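K.L.:
any chance you can model this:
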Amino acid sequence: MTDTPPHEPETTPGGPHDELPYDGPQDPAEPYGADPRQAEPSLRAGLEAILLVVDEPVPEVTLAQILERPRHEVAATLRELAAEYTAQERGFDLREIAGGWRFYTRDVCAPLVERFVRDGQQARLTQAALETLAVVAYRQPVSRARVSAIRGVNSDGVIRTLTLRGLIEEAGHDPEHQAVLYRTTGYFLERLGLNSLEELPDLAPYLPDDVEGIEELQQ
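P.N.:
Just a heads-up that it's a prediction; the model follows:
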C-alpha cells in the first residue's frame, strides 16, 4: 500500500487561519470599547461647576487655563450665563467683581437668606466649627489655608458656615499671597460675653508656630 499524506482542511476567507481585521479605535492609546457619549462637559457646564465651589471671584484667565479654552470664548460664555440667570429671575446671579467671576445670592432674595441664617444660629456649632472659630479667634487675621494647616483638614466649608452665621468676617487680603483674611466679629464677642479679644483665655501658646512651613508643604 502506498502511504497517503493526511488530509488538510480547506480554508475559507475569514476562517481560523485568516487574520481578523482590526475594528478597534483608531488611536491605540484610547481604550477599546470607549463610549463616545462620555465626552468632555460643555464650556457652560464646566464654568458652572467650578464657580459653584469657589469662595473668591475667579479671573477669566484662570478659568480659561483650567478649562483649556480661549479666554475670549470663556468671557463670552460667562456673560451669556449671567444674562440668562437674570432673564430667568433665578435666586442667584453671576457677577464680575474684583477682576473675577463668582455666584452671588440675588438682592431680592436677601430677606429670605437673612431669615435662614438668623434661624440657623440657634443650632449648636459642630466640633469642626468650634475648632475653626478658635483658630480664627487666636490667629486673626488669618487665611483659610492657615486655618486648614493648623487643623490638618480642609476648613473652607466650616469657614463659610461661620461667615453666614456672622461669627467671622473678611478682613482684607494677605499682601503677599492675596488670600482673603478672616477675623471674628462683634457678634462673636457678644455671644461669648466678652468686651474685647484681650479677654479670651490664654490659649495662643498652645497653637503651632511653624504654620508657614506646613502651608508650603501642602501647596
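
K.L.:
quick check: pLDDT value at the residue nearest the centre of the chain.
P.N.:
Centroid-nearest residue in the chain, with C-alpha atoms, centre = their mean: Val53, separated by 3.8 Å. You'll see Val53 listed with a pLDDT of 87.

K.L.:
phi, psi for it please.
P.N.:
Dihedral angles phi and psi of Val53 (degrees, to the nearest 10) take the values phi -110, psi 0.

K.L.:
separation between it and Thr163?
P.N.:
Noted for Val53: a distance of 15 Å to Thr163, by C-beta to C-beta, to the nearest Å. (Each C-beta comes from the backbone N, C-alpha and C, glycine too.)

K.L.:
how close does the residue nearest to the centre of the chain get to Asp107?
P.N.:
23 Å.

K.L.:
do the same with Glu84
P.N.:
The spacing between Glu84 and Asp107, counted by C-beta to C-beta, is 18 Å.

K.L.:
more crowded one of the two?
P.N.:
Taking neighbours as other C-beta atoms under 10 Å, Glu84 and Asp107 compare with Glu84 leading, 13 against 8.

K.L.:
now name the helix or strand holding that one.
P.N.:
Glu84 belongs to helix 71-87 when assigned by DSSP states H and E.

K.L.:
now that helix: buried residues?
P.N.:
For helix 71-87, burial by neighbour count (16 or more other C-beta atoms under 10 Å) applies to Val74, Ala75, Thr77, Leu78, Leu81, Tyr85.

K.L.:
by contact count, what packs against that helix?
P.N.:
With contacts taken as 3 or more C-beta pairs under 8 Å, 6 or more residues apart in numbering; DSSP states H and E, helix 71-87 sits against helix 43-51, helix 60-67, strand 92-97.

K.L.:
mind putting these into a markdown table with distance to Gly193 and mean neighbour count?
P.N.:
Output for the helices and strands packed on helix 71-87, formatted as a markdown table (distance: least, C-beta to C-beta, whole Å; neighbours: other C-beta atoms under 10 Å):
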| stretch | distance to Gly193 | mean neighbour count |
| --- | --- | --- |
| helix 43-51 | 39 | 16 |
| helix 60-67 | 43 | 16 |
| strand 92-97 | 36 | 15 |
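
K.L.:
could you check how far Gly73 is from Arg44?
P.N.:
That one is not Gly; residue 73 is Glu. Note on Glu73: its distance to Arg44, by C-beta to C-beta, is 11 Å.

K.L.:
quick one: contacts for Gln140?
P.N.:
Ala171, Leu181, Tyr182, Arg183, Thr184, Leu197 (C-beta atoms under 8 Å, 6 or more residues apart in numbering).

K.L.:
got the phi/psi numbers for the fifth one?
P.N.:
Here is the backbone geometry of Thr184 (degrees, to the nearest 10): phi -80, psi 160.

K.L.:
same check, this time on the second one
P.N.:
With angles defined as degrees, to the nearest 10, Leu181 shows backbone torsions of phi -100, psi 150.
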